[in-house]
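Chemist: Any chance you could fold what I've pasted below:
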Amino acid sequence: PAPGQTQNVLDVYRELAPLVHQEPGCELFALHSDGENVFLIERWLTPDDFQAHLASSNLQRIRDATKPLLAAPSEIWPVESVPLGDRSKGLIQ
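Modeler: Residues are numbered from 1 along each chain as shown. Down below sits the predicted model:
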């Protein structure tokens, strides 16, 4: 977020996340913040579900609402889990 806009970005996600949670294949759509940066952790049942989400009107609404609140464009980093040790502590479920 741009300086001073973190809460406004969080508010956009707070309003629109319930719509994303209803999308087919959404297993996780969770927001995290350190007060300055905002991180979104997502998990989709299939790659097709994720691609459908990327093309969804819900995501477009989020992009439209957050664009003026950002200092830089959002980045998407597709990653895979690397389980460590105790599964309940070493893997986001």
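Chemist: how many neighbours does residue 9 have?
Modeler: The number of residues packed near residue 9 is 21, by other CB atoms under 10 Å. For glycine as for every other residue, the C-beta is placed from the backbone atoms N, C-alpha and C.
Chemist: close enough to count as contact, it and residue 71?
Modeler: No - using CB atoms under 8 Å, residue 9 is not in contact with residue 71; the gap is 10.5 Å.
Chemist: what do these two both touch?
Modeler: Common contact partners of residue 9 and residue 71 (CB atoms under 8 Å, 6 or more residues apart in numbering): residue 1.
Chemist: Just list whatever residues bridge to the most centrally placed residue in the chain.
Modeler: By CA atoms, centre = their mean, the chain has its centre lying nearest to residue 40, at 3.2 Å. On the basis of DSSP bridges, residue 40 is bridged to residue 31.
Chemist: Can you measure across stretch 22-31, start residue to end residue?
Modeler: Counting by CA to CA, to the nearest Å, the length from the leading to the trailing residue of stretch 22-31 is 16 Å.
Chemist: for stretch 84-92, same thing?
Modeler: End to end - CA to CA - stretch 84-92 spans 10 Å.
Chemist: contact partners of it?
Modeler: Contacts for stretch 84-92 (CB under 8 Å, 6+ apart): 28, 41, 43, 81, 83.
Chemist: got a winner among the residues you listed for most neighbours?
Modeler: residue 43 (15 neighbours).
Chemist: ok, now how distant is that residue from residue 93?
Modeler: Using CB to CB, to the nearest Å, residue 43 is found at 9 Å from residue 93.
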